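Colleague: Build me a model from this:
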Amino acid sequence: MNAILSYIQDHLYEPVTLAQLANHISYSRYHFARMFKKATGLSPLYYVASLRLQKAKDLLLQTNLSVRDIGMEIGQQSLGTFTTRFTERVGVTPVQFRHSMKQVDEQLQSLKQLENWEDTSQWSNPSLKVEGVIDSTHEFKGFVLVGLFAKPIPEGLPLYGTLLSRLGPFSFTNVRPGIYYLLATSIQWGMAAQDILLPHSTLRARVKQPIVISNDHMVQPQRMTLHPPLIDEPPIIISLPVLMNRFLQRK
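Modeller: Now for the predicted structure:
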């Protein structure tokens, strides 16, 4: 995995195929795709596309390149296609993302002054519930973002999500039957707005196996441990301030 992930990073701006990636480590395409998905949760080419979208976020905040040029830089020839995909997976348009720095500081201050973090958007139905406990390998002062996503990567709005003021228990009730992926990350008080918008090093956690919700099946409590990002973990694509803002609106 280290070899192939390094190869992907070195060729991020070049067209790559499944055969090309598999040949690099002398695997058949079938076995390579299986191995890669088992490690990351994503197909190789979807993972590459996610890294390119993460790079687009970097370029929007760290350069003066136009949105069109950034789209072309990551392989999107059409401005419309790039804008649509970015908006769907990040939660805001490229232009909104580029100019969201000030709002992040305001949201962080609003959350810091919040006294009651109870999420009143949830109600009780114990037969359709996902609950568990979040702890951490590293001490931090801040809050946790946790959600149930449609894919094993934090992109787009979570189907169910909330913010926690501390480590410990969490619960999602009245979860519709379906297949979900449980993912979490954290934000420390005092983090720079750019580090929140580009969360490359935030503590994070994921349950690798999908969580299946059905009317006749009780889901076992989940335990998640926040840790520094690992090399084979998918990038955080959703804009964390979007989730912070949604939580504040509910409050």
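Colleague: What ranges does the stretch 1-150 of the chain have for its helices?
Modeller: 2-10, 18-24, 29-40, 44-62, 67-73, 79-90, 94-98, 101-112 (DSSP state H, counting those that start in this stretch).
Colleague: Format these as a markdown table; extra columns: mean neighbour count.
Modeller: Where C-beta positions appear, they are placed from N, C-alpha and C, glycine not excepted. Output for these, formatted as a markdown table (neighbours: other Cβ atoms under 10 Å):
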| stretch | mean neighbour count |
| --- | --- |
| helix 2-10 | 13 |
| helix 18-24 | 16 |
| helix 29-40 | 16 |
| helix 44-62 | 19 |
| helix 67-73 | 18 |
| helix 79-90 | 17 |
| helix 94-98 | 18 |
| helix 101-112 | 15 |
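Colleague: Need these in a markdown table (columns: mean pLDDT and distance to G147).
Modeller: Output for the helices of the stretch 1-150 of the chain, formatted as a markdown table (pLDDT from 0 to 100; distance: least, Cβ to Cβ, whole Å):
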| stretch | mean pLDDT | distance to G147 |
| --- | --- | --- |
| helix 2-10 | 90 | 25 |
| helix 18-24 | 93 | 30 |
| helix 29-40 | 92 | 19 |
| helix 44-62 | 96 | 17 |
| helix 67-73 | 94 | 27 |
| helix 79-90 | 95 | 14 |
| helix 94-98 | 97 | 19 |
| helix 101-112 | 93 | 16 |
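Colleague: For those helices, could you give me TSV that also reports distance to L148?
Modeller: Below are those laid out as TSV (distance: least, Cβ to Cβ, whole Å):
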stretch	distance to L148
helix 2-10	26
helix 18-24	29
helix 29-40	19
helix 44-62	19
helix 67-73	30
helix 79-90	17
helix 94-98	24
helix 101-112	21
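Colleague: between these, which gets nearest to D216?
Modeller: helix 29-40 (28.5 Å; Cβ to Cβ).
Colleague: elements contacting that closest one?
Modeller: helix 18-24, helix 44-62 (3 or more Cβ pairs under 8 Å, 6 or more residues apart in numbering; DSSP states H and E).
Colleague: Please name whichever of the ones you listed is nearest to R89.
Modeller: helix 44-62 (6.1 Å).
Colleague: what's the angle between that closest one and helix 2-10?
Modeller: Per axes from the mean of the first three to the mean of the last three Cα atoms, to 10 degrees, the angle that helix 44-62 makes with helix 2-10 is 50 degrees.
Colleague: ok, back up a step: T185 is nearest to which of the helices and strands packed on helix 29-40?
Modeller: Of the helices and strands packed on helix 29-40, the one closest to T185 (Cβ to Cβ) turns out to be helix 44-62, at 13.8 Å.
Colleague: now the helices and strands packed on helix 29-40 as a markdown table including distance to P228?
Modeller: Below are the helices and strands packed on helix 29-40 laid out as a markdown table (distance: least, Cβ to Cβ, whole Å):
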| stretch | distance to P228 |
| --- | --- |
| helix 18-24 | 26 |
| helix 44-62 | 17 |
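Colleague: so which of these gets nearest I211?
Modeller: Smallest distance to I211 across the helices and strands packed on helix 29-40 (Cβ to Cβ): 20.0 Å, for helix 44-62.
Colleague: For the closest one, name the packing helices and strands.
Modeller: Short answer (3+ Cβ pairs under 8 Å, 6+ apart): helix 44-62 packs on helix 2-10, helix 18-24, helix 29-40, helix 67-73, helix 79-90, helix 94-98, helix 193-197.
Colleague: List of residues touching the second one?
Modeller: Okay, so that is helix 18-24. 3-4, 7-8, 28-29, 31-33, 36, 44-45 (Cβ atoms under 8 Å, 6 or more residues apart in numbering).
Colleague: Using a markdown table, please lay out the helices and strands packed on helix 44-62 together with distance to P210.
Modeller: Formatted as a markdown table, these follow (distance: least, Cβ to Cβ, whole Å):
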| stretch | distance to P210 |
| --- | --- |
| helix 2-10 | 23 |
| helix 18-24 | 23 |
| helix 29-40 | 12 |
| helix 67-73 | 32 |
| helix 79-90 | 19 |
| helix 94-98 | 29 |
| helix 193-197 | 28 |
